[in-house]
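Participant: Pasting a predicted model and its sequence here:
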Amino acid sequence: MSMQGQETRGFQSEVKQLLHLMIHSLYSNKEIFLRELISNASDAADKLRFKALSTPDLYEGDGELRVRISFNKEARTLTLEDNGIGMSRDEVIENLGTIAKSGTKAFLESMGSDQAKDSQLIGQFGVGFYSAFIVADKVTVKTRAAGLPATEGVFWESQGEGEYTIANLEKASRGTEITLHLRPEEDELLSEWRLRSIISKYSDHIALPVELQVEKTEEPENENEEPTTTISFEKINKAQALWTRNKGEIKDEEYTEFYKHISHDYADPITWSHNRVEGKQEYTSLLFVPSKAPWDLFNREHKRGLKLYVQRVFIMDDAEQFMPNYLRFMRGLIDSNDLPLNVSREILQDNKVTQSLRGALTKRSLQMLEKLAKDDAEKYQSFWKEFGLVLKEGPAEDNANQALIGKLLRFASTHTDSSEQTVSLEDYISRMKEGQDKIYYITADSYAAAKSSPHLELFKKKGIEVLLLSDRIDEWMMSYLTEFEEKSFQSISKADESLDNLADQTEEQKEAEKALEPVVDRVKTYLGDRVKEVKLTHRLTDTPAIVTTDSDEMSTQMAKLFAAAGQAAPEVKYIFSLNPEHALVKRLGNEQDEEQFGQWVELLLDQALFAEKGTLEDPNQFIKRMNTLLMA
C-alpha cells in the first residue's frame, strides 16, 4: 500500500477524554458500536444521493448503494465498507480528529466517576464513530470523497489513545472502509451468527442495504480433496425506509431503534407518532419525544430540527423550519411530496408549504404531549423534568397554540408540600373556591422564597391555592400567558383591588384603620417620593408590612431579569402597605420621638423590601438599625 504525505497528529483533548469515558462507561452495551457505524454509513449514502441529484457523475457508474460487513478470523479484524459520499483529507481531520460541538469541554468536565451516570451522559452526547474503540484496540480507515480522483484517497489509523496517523493513498472506489482490530476478548464478533443477530436487532430498519459476509463450505466429491469455502455477501435487513411501511407492521422495538439511528441517542424515546397525510398536502411524519434532554439543549449552537426527505430522497439534517424553537427537543423526520428536490434552507424559510407543514407538525407534537399527559401522568412528569423549561418558552412564541400549551404546563403550588412541578392549570381550576374568578400566582427566586412569602398569608387563611413560580423564565412567561379557560392570571405581589376585596373587614378593623390614618400620613411625609404610596392592608396576618408594585408597572422579578441580562430597567417604585393589627405597626403609631419613628419606618420598609427582593442595597445599615432598636 503506497502512501504519501504521512503525518502523526494529536487528538483534540476532548476526543481523548471522550474515548476514555466511552470505553469504560459503555462497555456493558458494547454492541451498539455496530449500530453507530452502520448508521454513519447510511448517512453517507443519503448525502451522496442528495448531491447526485445535481451532479449525477458522483455515482461514478455505481448507483447501487450499500454497506458490507466482513470479518477475518485469522487477522481478527471486522471491516465495514460503504460506497457513500466518502471523505477528503480535510474532512477526515475535521470528523475523526476533533469534536465540532460548542461547549464540549465544559460538558466533559462536568462528568464524574459514576459509571451509570457517565454512560447516560455519553449517550446524550452521541457516540458515533468513536464507539469503534469500545471493541477495538486499533481502527484503520480508508476513504475517498465522491468526485475526487483515485489518488486523493485518505488513510487514517489510531489506537484510540493520544494520536492518529493520516496519509494520502490511492483508492479506486469512493466511500469509506473501516477496519476494527478487535481486542483479545472480542472473538464473538468474528461470528456470522453473532453479527447477524446484532444487525437484526439494531439496524433492520435502515433504508440502506446491509450486506454480511456469508461463508459456505462444500464437501468434495473425492474424499482425498479438501472442502472448499466460498465467501459471498447476503443482504440481511429489510432495506426499506421505516416511515414508508405500514404502521401496523412496525414493532415498537423497530421504532425505538430507528429513533436511536436518527438521533444517535442512547436512551429510548418516551413516545412517538407516525402519520401519513394525503389530500391538499401529501407528507409522512415520524416524530419522537426523547426521554432525556441533550446536554447542549440551552446552547445557542445546539442543532435542532427534523430530518427532511422529499419523495423519499434525503435533503438535509436539522431542518429547523418545521418546528418552533420551544419544541426544539422534538426529533424525527418529515417526508414531503410537495417540496422541490432542490430545496435549500433559504427557500424553506419563505415557502408556503413549509409554513403549512410547520403548523401541522407543531400541533401534532403538542397533541402527542397532551395524550402522554392524559394517558400516563408519571411518564409526562419525567418529560416535564427534562423539558419543562423549554416548553415554558411556548406561550410567548406561539400565540396560536397558547391554549394547548397552557394545558401542558406544570407548576408547584400551595396545594402540595413539594417543590415538584406537578400541578396543571386544569387541576388548579377544578379546586377554585366558589366565586373565585382568577388564577393566583407568585414569582420568586426560589421555591422556598415563594412558599414563605408574606403575600401568601391571606390566601393561606382563606384556603385559596396559589401557584408558586420560581424558574427564571416564569416571570417572562406570565407576561404572555394572560388567561386560561377564560380565567385571568393575577400576581399576588401586584396591587389589585380584587386582592384587597378578599380580606374580611370588620367594624373593629375599620376603627383601627381610622385611628392609624395620622400614622400613615407621618410615614408618607417621612418617605416622600421613595415609595409610590403608603397605605394600610388587611392582606397580612403575621407580617407587619409588605411592598407591592402597581398593576401596570414592572414587577420585581422582571426587573431582575433585565438586570441579569445587563439591560437598564425602569426604577421600580413600590406601594408600602402596613398591617394595622400588627404589634410593631401599633408601636410605630405610639412612637413620639421623630428620630425613633424614622428608624422604625426604615426597619419595616427594609424588612418588606428584603422579603420582596431577596437583597438590600445596604444590608449592614439594616443590621445596625435592627440592633439599635432591639437594645432601645
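Facilitator: Yes, it's here.

Participant: what helix or strand is Lys47 on?
Facilitator: In this structure, Lys47 sits in helix 32-54 according to DSSP states H and E.

Participant: can you pull out the strands in the stretch 101-250 of the chain?
Facilitator: Per DSSP state E, counting those that start in this stretch, the stretch 101-250 of the chain carries strands over the ranges 136-144, 153-158, 163-169, 175-182, 210-218, 228-235.

Participant: quick check: domain ranges of the chain?
Facilitator: 3-239, 243-376, 410-492, 506-632 (automatic domain parsing).

Participant: Hey, what's the angle from the helix holding Lys47 to strand 210-218? Just curious.
Facilitator: Angle of helix 32-54 versus strand 210-218, following axes from the mean of the first three to the mean of the last three Cα atoms, to 10 degrees, is 110 degrees.

Participant: Show me what helix 32-54 is packed against.
Facilitator: Under the contact definition 3 or more Cβ pairs under 8 Å, 6 or more residues apart in numbering; DSSP states H and E, helix 32-54 sits against strand 67-72, strand 77-82, strand 175-182, helix 192-203, helix 252-263, strand 313-319. Every residue, glycine included, has its C-beta placed from N, CA and C.

Participant: Run the chain-centre distance for the fourth one.
Facilitator: Centroid displacement of helix 192-203 relative to its chain, using Cα atoms, centre = their mean, to the nearest Å, is 32 Å.

Participant: Likewise for the last one?
Facilitator: Strand 313-319 sits 21 Å away from the centroid of its parent chain (Cα atoms, centre = their mean).

Participant: circling back: tell me which of the helices and strands packed on helix 32-54 approaches Phe383 most closely.
Facilitator: Of all these, helix 252-263 sits nearest to Phe383, with 14.8 Å by Cβ to Cβ.

Participant: can you list contacts of the helix or strand following that closest one?
Facilitator: Next helix or strand after helix 252-263 toward the C-terminus (DSSP H and E): strand 269-277. Residues from elsewhere that reach strand 269-277, judged by Cβ atoms under 8 Å, 6 or more residues apart in numbering: 243, 247, 250, 255-256, 259, 283-291, 331-332, 360, 364, 367-368, 371-372, 379, 382-383.

Participant: just the buried members of these?
Facilitator: Among the contacts of strand 269-277, those scoring as buried are 243, 250, 255-256, 259, 283-291, 331-332, 360, 368, 372, 383 (criterion: 16 or more other Cβ atoms under 10 Å).

Participant: list the contacts for Val67?
Facilitator: Per Cβ under 8 Å, 6+ apart, neighbours of Val67: Ile38, Ala41, Ser42, Ala45, Leu80, Glu81, Asp82, Gly84, Leu208, Pro209, Val210, Glu211.

Participant: meant to ask about Thr443, not that
Facilitator: Here Thr443 is in contact with Ala450, Leu469, Ser470, Asp474, Glu475, Met478, Ser491, Ser493, Ser555, Gln557 (Cβ under 8 Å, 6+ apart).

Participant: From the opening residue of stretch 604-624 to its closing one, how far?
Facilitator: 14 Å (Cα to Cα, to the nearest Å).

Participant: oh, I was asking about stretch 302-322
Facilitator: End-to-end distance for stretch 302-322: 16 Å, by Cα to Cα.

Participant: who touches Lys235 in this structure?
Facilitator: By Cβ under 8 Å, 6+ apart, the neighbours of Lys235 are Arg66, Pro209, Val210, Glu211.

Participant: So which of these is surrounded by the most neighbours?
Facilitator: With neighbours defined as other Cβ atoms under 10 Å, the most crowded of these is Val210; it has 28 neighbours.

Participant: how close does that one sit to Ser200?
Facilitator: 10 Å (Cβ to Cβ, to the nearest Å).

Participant: tell me which element Gln599 falls in.
Facilitator: Short version, using DSSP H and E: Gln599 is in helix 594-613.

Participant: Check which helices and strands that helix sits against.
Facilitator: Counting by 3+ Cβ pairs under 8 Å, 6+ apart, helix 594-613 packs on helix 507-527, strand 545-548, helix 556-564, strand 575-578, helix 583-590, helix 619-631.

Participant: Now render these as a markdown table, adding distance to Thr443, mean pLDDT and mean neighbour count.
Facilitator: Shown next, in a markdown table, are these (distance: least, Cβ to Cβ, whole Å; pLDDT from 0 to 100; neighbours: other Cβ atoms under 10 Å):
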| stretch | distance to Thr443 | mean pLDDT | mean neighbour count |
| --- | --- | --- | --- |
| helix 507-527 | 26 | 86 | 14 |
| strand 545-548 | 13 | 93 | 26 |
| helix 556-564 | 4 | 76 | 17 |
| strand 575-578 | 17 | 93 | 23 |
| helix 583-590 | 27 | 89 | 16 |
| helix 619-631 | 23 | 88 | 12 |
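
Participant: May I ask which helix or strand of this protein has the lowest mean pLDDT?
Facilitator: Least confident helix or strand of the chain, by mean pLDDT, DSSP states H and E, is helix 115-125 with a mean of 44.
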